[in-house]
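**Student:** build the 3D model from these lines:
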Amino acid sequence: MKPLKYPIGILVLLLMVSQPGFATTVKEVTSQLICTCGCDTMIVSDCNCGTADDIRALVQGKIDQGMGKNSILNEFVAQYGEKVLAAPTKSGFNLTAWILPFVVLFAAIATVTFVVRAWVRGSQGLRPSVVTVLTERDAQVRERLRRELEQFDA
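**Tutor:** Numbering: from 1, shown residues only. The predicted structure is shown next:
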């Protein structure tokens, strides 16, 4: 009978320690909902209006009934639509809201890299001709200056 005492005690201890990890909290649910009071920018967990208090009480009641986070969120989406969610769902057309910023960032980096490489290649190709034009121009200016000085001295 003694050999069973320790495994059962360890099992009970593990269940007691792991229970809070499975429990859904009001903060966990309300941090994913936008307040419906009309401010449209506040998350229910941070909003101080009466509507947010009512939503928090409603969520607490649903948690007390044994509903999980996803079930509660699905009920709010069914009642108010997806606009009640603080972040768009990661499915369907809303997936573009998650992917598009990364696509735009990648395209911007690629464009900047392409433009910088083109400028570097272009400037390397122009350098010899620019230097040649400047030296020819310098020779012309020096010759003209020499002639004018000779005319001035004469």
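
**Student:** so for this protein, the centremost residue is which one?
**Tutor:** Pro101 (7.2 Å; CA atoms, centre = their mean).

**Student:** care to break the protein down by domain?
**Tutor:** Residue ranges for the domains of the chain, per automatic domain parsing: 24-87, 91-154.

**Student:** switch these over to JSON lines; also include mean pLDDT.
**Tutor:** Converted to JSON lines, the domains of the chain look like this (pLDDT from 0 to 100):
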{"stretch": "domain 24-87", "mean pLDDT": "78"}
{"stretch": "domain 91-154", "mean pLDDT": "80"}
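
**Student:** and among those domains, the most buried is which?
**Tutor:** domain 24-87 (a mean of 15; mean count of other CB atoms under 10 Å). Using the backbone N, CA and C atoms, a C-beta is placed for each residue, glycine as well.

**Student:** what ranges do the helices span in the protein?
**Tutor:** According to DSSP state H, the chain carries its helices in the segments 2-22, 26-30, 50-64, 69-80, 95-153.

**Student:** centre of the chain to the longest one, how far?
**Tutor:** The chain centre lies 36 Å from the centre of helix 95-153; the measure is CA atoms, centre = their mean, to the nearest Å.

**Student:** and Trp98, how far from Thr41?
**Tutor:** Distance of Trp98 to Thr41, given as CB to CB, to the nearest Å: 20 Å.

**Student:** try Glu148
**Tutor:** 75 Å.

**Student:** please apply the same query to Gly50.
**Tutor:** From Gly50 to Thr41 the distance is 17 Å (CB to CB).

**Student:** now Asn74
**Tutor:** From Asn74 to Thr41 the distance is 23 Å (CB to CB).

**Student:** cool, and Ala110?
**Tutor:** Counting by CB to CB, the gap from Ala110 to Thr41 is 34 Å.

**Student:** do Ile99 as well
**Tutor:** With CB to CB as the criterion, Ile99 and Thr41 are 24 Å apart.
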